[in-house]
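# Build the 3D model from these lines:
(chains A and B)
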Amino acid sequence: MQSNQTFADVFKARGVSRRDFLKFCSLTSVYLGLSPSMVPSIVEAMENKPRTPVIWLHGLECTCCSESFIRSSHPSIEDLLFNMISLDYDDLLSAAAGRQLEDQRHRIMKEYKGKYILAVEGNASTKDDGVYCMVGGDSFLNTLKETAADAAAIIAWGSCASFGCVQNAHPNPTGAAPVSDIIKNKPIVKVPGCPPISEVMTGVIAHFHTFGTLPDLDRFGRPKAFYNTRIHDKCYRRAFFDAGMFVPSFDDEATRKGWCLYKMGCKGPTTYNSCSKIQWNGGTSFPIGSGHPCIGCSEPNFWDRGPFYERLAEVPFLGSDSNADKIGVIAVGAAAAGAAAHAAVTAVKKAKSDKHDNNDKA
Amino acid sequence: MGRIIEEIYVWRLPVRLYHWINALCMVVLFATGMYIAAPLLSPPLGEAVWYKGMAWWRYMHFAFAFIFIANFLFRLYWALFGGDKYARFGGFRPWSPSWWGKPFREQVESYLFLRSDEPNYVGHNPVAALAHFLFIFCGSTFMIFSGLAMYGENNPAGFSETLFGWMIPLFGGSYTLHFTHHLGSWMLPIYVIMHLYAVIRHDVVDRTSVTSSIITGYKHKVEEEPV
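Here you go, the predicted model:
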């Protein structure tokens, strides 16, 4: 049966040489940030462990995570989908539809109870019993809870499933909530980004498949291997930042020269992701490489963190035009005015009491 | 002018040193911090590798931040173990009615012109103590913790990130922490205005030479002015 094949069996059946298979294992270990001594573990896992069944749910989302996922170049999408992970349910990519597909989900949930990975793309509407996202005749909220109950672990794909993204940006009319707000009793890996980098997505699955455990997570529940450092710290334009050479506007000569986009509102200094390391589309480029400031899409609530093209100092605050510096200046002005008024009253009082004293004397 | 009838040694040398180092650090930190948020200077001509324009401002910010932290820790030590009766925490008991009751109320009334006499304190009066607790103690603590959390960001799993990195999720992300740190820096000019005004006013009204006392250490009591 196909679902009991190991990775190595699949490679063999497809005519991939052992040499290429070992190359793939080495490459995977590099992407996972593992030392070369871990390569044999990966080889062993790929040779002996049956493929991990994956149920991939789609909630309130835009499918950009899937779009990114199917562009994975190491490994390529064909190998990934037909041979590597056993993607048993995915409303986007499955051949079956409707009742047949839902039956398949229930079959996997029963046959691989406690063993399958639940991959969630998008989040669930929680307002009004979740009626704002209905899939297969049931609310996505119910489907998510039902499928999560017997999962070994949950992977929250993208910023939607991890933090909420645009759906739960202010004012969040549908009560959209990230997976971690709904499922509390399962280990969850957050793979944020809008979308996440494809090699990061496949790398997380490969880690779980190899070691049977989730990768090391940071304080936000993101895999440290990919979300440990800021885009800023690995940015190839960092030299321009340190030198103080900034792009002042998009129609400036500095834009053409590829200077730092800090003043154009680049969120690289506050965004944790691998864009400046792994890059996109098989290492072709990434937003800053194309001359656009980072919008911080893998950070919590990035839609509500002010305009994309404004620096921190100009960011609106409390939903109005005011920003940190304006509030500061107003507060300083108020303090100065208060001090001046107090001084005036003190002077008047003193003058009065002096006069009073003089009168007493007289 | 009334004759000086008593000289009191209030601010001992460690306290005065702390005060002036703190003042210098805060001004430098505010200026460099504002520059980092909005780098105004024109870019230099030539290759990026020749220059350290932005890096220099950040370096100054971090260097003075560590002096500021060391100075702050020294002041905490002095307040706890210095045995200095005008510069200790022992007297600051905002939870106790004996502290915020009558003495605090009298001082507030005096500042609001509801009393004609000025309560007389050699060290900090209760309102001043509360202001220092909020701005200098709580304010510095927040700026130091958030600053170290952000300083640790470029070295994950390093000293600073391990000890203070929890500030980042607490404030909902690196971006919001930067924003709050930036907003918090405006405490400084607000505090400086209130501080300088209060000091000068007390000097004029009470004639205790409080302004010069932070240089010389001495406050004076003067004879009631014969009119």
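# So residue A:156, which state does it fall into?
Classification of residue A:156 using DSSP: H, G, I helix; E, B strand; the rest coil returns strand.
# Surely it touches residue A:165?
No: taking contacts as CB atoms under 8 Å, residue A:156 lies outside contact range of residue A:165: 10.9 Å. The way it works is simple: take the backbone N, C-alpha and C, and place the C-beta from them, glycine included.
# unless I'm mixing things up, residue B:158 is touching residue B:151, no?
No: applying CB under 8 Å as the test, residue B:158 and residue B:151 come out as separate, 9.3 Å apart.
# The two: who's more crowded?
residue B:151 (19 against 13; other CB atoms under 10 Å in any protein chain shown).
# Pull out the buried positions in stretch A:117-135.
Neighbour-count burial for stretch A:117-135 flags A:117-126, A:130, A:132-133, A:135 (criterion: 16 or more other CB atoms under 10 Å in any protein chain shown).
# What's the nearest residue in the stretch 251-362 of chain A when you look at chain B?
For the stretch 251-362 of chain A, the residue closest to chain B is residue A:328, as judged by CB to the nearest CB, at 3.1 Å.
# which SSE is that residue in?
With secondary structure defined by DSSP states H and E, residue A:328 is part of helix A:324-361.
# So residue A:324 sits against residue B:181, correct?
No: using CB under 8 Å, residue A:324 makes no contact with residue B:181, being 9.6 Å away.
# and residue B:105, how many neighbours does it have?
So residue B:105, with other CB under 10 Å, has 13 neighbours.
# meant to ask about residue A:279
Residues near residue A:279, counting by other CB under 10 Å, number 17.
# residue contacts, the closest residue to it other than its chain neighbours?
Spatial nearest neighbour of residue A:279, excluding adjacent residues (CB to CB, 6 or more residues apart in numbering or on different chains): residue A:286 at 4.7 Å. For residue A:286, the contact set (CB atoms under 8 Å, 6 or more residues apart in numbering or on different chains) comprises A:275-276, A:279-280.
# swap the cut-off to 6 Å and go again
Residues in contact with residue A:286, defined by CB atoms under 6 Å, 6 or more residues apart in numbering or on different chains, are A:275, A:279-280.
# contacting residues for the residue of the stretch 1-150 of chain A found nearest chain B?
Going by CB to the nearest CB, chain B is nearest to residue A:33 of the stretch 1-150 of chain A, at 12.0 Å. Applying CB under 6 Å, 6+ apart, we find residue A:33 in contact with residue A:225.
# tell me which parts of chain B are close to chain A?
Residues of chain B found near chain A (CB under 6 Å from any CB of the partner chain) are B:37-39, B:43, B:48, B:51, B:53-55, B:113, B:154, B:156, B:169, B:172-175, B:178, B:182-183, B:186, B:189-190, B:193-194, B:197, B:227.
# At which residues are the strands of the stretch 1-150 of chain A located?
Taking DSSP state E, counting those that start in this stretch, the strands of the stretch 1-150 of chain A run over residues A:53-58, A:86-90, A:117-121, A:124-125, A:134-135, A:138-139.
# Could you work out which of those strands reaches nearest to residue B:121?
Among the strands of the stretch 1-150 of chain A, strand A:124-125 comes nearest to residue B:121, with 60.3 Å by CB to CB.
# Partner strands of that closest one and their direction?
Sheet pairing of strand A:124-125 (DSSP bridges) gives strand A:176-177 (antiparallel).
# which residues touch the partner strand?
Contacts for strand A:176-177 (CB under 6 Å, 6+ apart): A:60, A:123, A:125-126, A:164, A:167-168.
# Format those as JSON lines; extra columns: pLDDT.
Listed next are the contacts of strand A:176-177 as JSON lines, based on pLDDT from 0 to 100:
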{"residue": "A:60", "pLDDT": "92"}
{"residue": "A:123", "pLDDT": "91"}
{"residue": "A:125", "pLDDT": "93"}
{"residue": "A:126", "pLDDT": "92"}
{"residue": "A:164", "pLDDT": "90"}
{"residue": "A:167", "pLDDT": "91"}
{"residue": "A:168", "pLDDT": "90"}
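# could those go into TSV alongside distance to residue B:140?
Formatted as TSV, the contacts of strand A:176-177 follow (distance: CB to CB, whole Å):
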residue	distance to residue B:140
A:60	44
A:123	40
A:125	44
A:126	41
A:164	34
A:167	40
A:168	35
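# Give me the local confidence score for residue A:360.
At residue A:360, the pLDDT value in this model is 56.
# Over to residue A:45?
At residue A:45, the pLDDT value in this model is 77.
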